[in-house]
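Engineer: Return atomic coordinates for the entry below.
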Amino acid sequence: MPAVLEDDYHVIKEMDLTNVSFTWRSDNILHYFIKENCFLTMDDIHEVLEVVMQWGESNKYLHLFEGGYNSSIDTDVREWASSDTQNKHTVADAIIVKNMAQRIVGNFYLQFNRPVKPTKLFTNRKDSIAWLRVQGQAFLEANPEWSKQTII
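Structural biologist: Coordinates of the predicted model:
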């Protein structure tokens, strides 16, 4: 899992699964790294959700998605991720795109799947984390209890 050193946080929990590794950061960002040459499916999503539910059933996170070389996601995952039923654990999604193929998939997701939560594409971590923190601050103002998520 790549270390994120350009901002101030500490790691609450980490998990390494078959196709995805992720870190729960102290700023309530879940940083997902889709592994190289991986095609993410709903089976992977269910595996991730099982872990996230164990970390706190009612927790909500800022999601940072970063794909490895030659990684992509299934159409079913894009449809699920954009739906209003998926957003039980989501405040906002930032997606880092590293190449033209990821940019095409990301733009398709934004334009055609039309996610119901704040979602934006980025080309680097620094800007994506800054944007997520703004989204988190807005959410916190409306939901002050959010800063006290259960940490198991």
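
Engineer: rest of the way, CA atoms for contacts and neighbours
Structural biologist: Fine.

Engineer: what sits against the most centrally placed residue in the chain?
Structural biologist: Centrality entry for the chain: nearest residue to the mean C-alpha point is His63, 2.7 Å, by CA atoms, centre = their mean. Residues in contact with His63 (CA atoms under 8 Å, 6 or more residues apart in numbering) are Ile29, Leu30, His31, Tyr32, Thr90, Val91, Ala92, Asp93, Ala94, Leu132.

Engineer: and of those residues, the nearest to Lys117?
Structural biologist: Nearest to Lys117, judged by CA to CA, of those is Ala92 at 5.8 Å.

Engineer: who does the host helix or strand of the closest one pair up with?
Structural biologist: Assigned by DSSP states H and E, Ala92 belongs to strand 90-96. If you go by DSSP bridges, strand 90-96 pairs up with strand 61-67 (parallel), strand 119-122 (parallel).

Engineer: I'd like those as CSV, with mean pLDDT appended.
Structural biologist: As requested, these are arranged in CSV below (pLDDT from 0 to 100):
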stretch, mean pLDDT
strand 61-67, 94
strand 119-122, 96
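
Engineer: circling back: of the contacts of His63, which is the nearest to Glu57?
Structural biologist: Glu57 lies nearest to Thr90 out of those, by CA to CA, at 12.1 Å.

Engineer: Report the beta-bridge partners for that closest one.
Structural biologist: Going by DSSP bridges, Thr90 is paired in beta bridges with Tyr61.

Engineer: before we move on, back to that, which of the strands paired with strand 90-96 sits most buried?
Structural biologist: Comparing these on average neighbours per residue, with mean count of other CA atoms under 10 Å, the densest one is strand 61-67 at a mean of 23.
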